[in-house]
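# Sequence and predicted model, in that order:
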Amino acid sequence: MAETSTKAKIISFIIFVVVTIIIKVVVPGVYNGYTVYNDYKDCAAYDTKPANAIKACTDLLRVAHATKNKFAIDQAPYVVLFLHLAHIHAGHDDQQEFERNSLPYLKGNWPAPILALYLGKTTADDVYAKAKPRQVKDDDDQPCEAKFYVGKWYLRNNTKDEAKKAFQSASSTCGADQMEQALARDQLKTLEP
């Protein structure tokens, strides 16, 4: 009986060590920085390739929660938003999933106000008011992002005139280094008569 108990403890310990190694070494190694950046690029393509974006965004959220990949963790609130927009473009109702995914980021900093807008917890004016200009080049251009994502929100709610104004503003004020500038210009083309 004691011998069986000792064998069980040894087997349990070996399983624990193997699982720990897989989680700490294999998963982050397989899902390296290159893969994270590529998935982020695919995730951000929610307008043109929603099915690919849904898979990439879902993978990135899994990585953000399972590893210590700083980029994946820092970008997780954007990934939640991109995943929601991909579902919208694919014609899926993901409101419950979006609420669940947004919850950890609603009390944080930017882009929490944008997530709150899409959840119906704030207004477009409130998002604009909370958007802070960037202090250094590597900061997010929050006013730019606010204009673009508020425009997407207006478009989603069939308020095309307001969406067009927001996209025009994003197109003319966002820096060339902001993907939202190009996206706003693309959106404006789709709104032209």
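Noted; the coordinates are in hand.
# Tell me the confidence at the residue nearest to the spatial centre of the chain?
Centroid check for the chain by C-alpha atoms, centre = their mean gives Val79 as the closest residue, at 1.2 Å. According to the prediction, Val79 has pLDDT 92.
# Likewise for Gly120?
Note on Gly120: pLDDT of 96.
# now do the one 10 residues further on
pLDDT recorded at Lys130 is 94.
# check contacts around it.
Listed by C-beta atoms under 8 Å, 6 or more residues apart in numbering, the contact partners of Lys130 are Trp110, Pro113, Gln142, Ala146. No exception for glycine: its C-beta is placed from N, CA and C like everyone else's.
# let's go with 7 Å and repeat that
Counting by C-beta atoms under 7 Å, 6 or more residues apart in numbering, Lys130 makes contact with Pro113.
# I'd like the distance between it and Ala146.
Distance of Lys130 to Ala146, given as C-beta to C-beta, to the nearest Å: 8 Å.
# Likewise for Val80?
17 Å.
# Where does the prediction get shaky in the protein?
1-5, 9, 13, 16-37, 136-140 (pLDDT under 70).
# Kindly recompute the last result at 90.
Low-confidence segments of the chain (pLDDT under 90): 1-49, 56-57, 59-76, 107-109, 132-141, 173-184, 186, 190-193.
# Please enumerate the helices of it.
With DSSP state H, the ranges of helices along the chain come out as 2-21, 27-30, 33-43, 50-66, 70-90, 95-102, 112-118, 124-130, 142-156, 160-173, 179-191.
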